[in-house]
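**Q** Show me the folded form of this:
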Amino acid sequence: MNKEILKSTFLFILLLLAQVLICNHIAIFNVAVPIIFIYFIIRLPIDVGKGLLFTLAFLMGFCVDMFSDTPGVNSLASTLLAALKRPVYYAYVQRDDKTMTLLPSISTLGVATYCKYLLSMVGIYCLLAFTIEYFNFADVKDIVILSASSCLLTFIMLLAIDCLIINKS
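**A** Below is the predicted model of the structure:
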């Protein structure tokens with residue numbers, strides 16, 4: 001158990017630093033922004049307690065907000081993503097004793113199921129974050145373009161990260 005906690009802590013710090021130092025400064029065509037720190041929330045086991053899940057998601061979002069000059073946007077979007085994690089997961093995976101302890105990844109869920117789960121989670125986060133940031137439905141076109149392009153870029157990057165982690169294991 002201590003080894004898993006150490007791995008999770010390392011992943012938390014690594015993703016946070018990568019987001020703040022590298023990804024926040026990337027904007028492909030000024031529309032696509034990679035948001036890789038949410039991989040930590042997506043990757044947490046399904047049986048993690050709600051209190052711990054919400055706390056970690058809020059903390060991760062808060063840290064990104066502090067360094068990104070986006071007061072509360074990532075904190076709120078991350079916490080809402082954490083709240084939607086189980087319903088989205090169980091939309092694609094049958095609910096039983098084996099699936100409650102799984103760590104969502106390509107190796108545990110299979111490529112098709114994991115891709116659907118990952119794309120749904122990333123899409124939800126991007127839509128939430130850009131809607132909260134704009135907080136104006138007059139800019140629906142901008143919200144949709146930013147959300148879709150960032151979702152696609154983030155999905156590809158998180159899929160690559162998952163493949164790298166699986167290959168190392």
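**Q** Name the helix or strand of this structure that has the lowest mean pLDDT.
**A** One helix or strand of the chain scores below all others by mean pLDDT, DSSP states H and E: helix 97-100, with a mean of 67.
**Q** That one: what's the following helix or strand?
**A** Next helix or strand after helix 97-100 toward the C-terminus (DSSP states H and E): helix 106-109.
**Q** Check which helices and strands the next helix or strand after that next one sits against.
**A** Moving toward the C-terminus from helix 106-109, the next helix or strand (DSSP H and E) is helix 111-134. Secondary-structure packing of helix 111-134 (3 or more CB pairs under 8 Å, 6 or more residues apart in numbering; DSSP states H and E): helix 39-43, helix 73-92, helix 106-109, helix 140-168. Just so you know, the C-beta spots here come from the backbone N, C-alpha and C atoms, and that holds for glycine as well.
**Q** Ok, which of the ones you listed comes nearest residue 26?
**A** helix 140-168 (8.7 Å; CB to CB).
**Q** what's next to stretch 120-129, contact-wise?
**A** Stretch 120-129 has contacts (CB atoms under 8 Å, 6 or more residues apart in numbering) with 35, 38, 41-42, 73-74, 76-78, 80-81, 84-85, 88, 91-92, 143, 146-148, 150-151, 154-155, 158.
**Q** centroid residue for this structure?
**A** Nearest to the geometric centre of the chain sits residue 38, at 2.4 Å (CA atoms, centre = their mean).
**Q** Isn't that one up against residue 78?
**A** Yes - judged on CB atoms under 8 Å, residue 38 makes contact with residue 78 at a distance of 6.8 Å.
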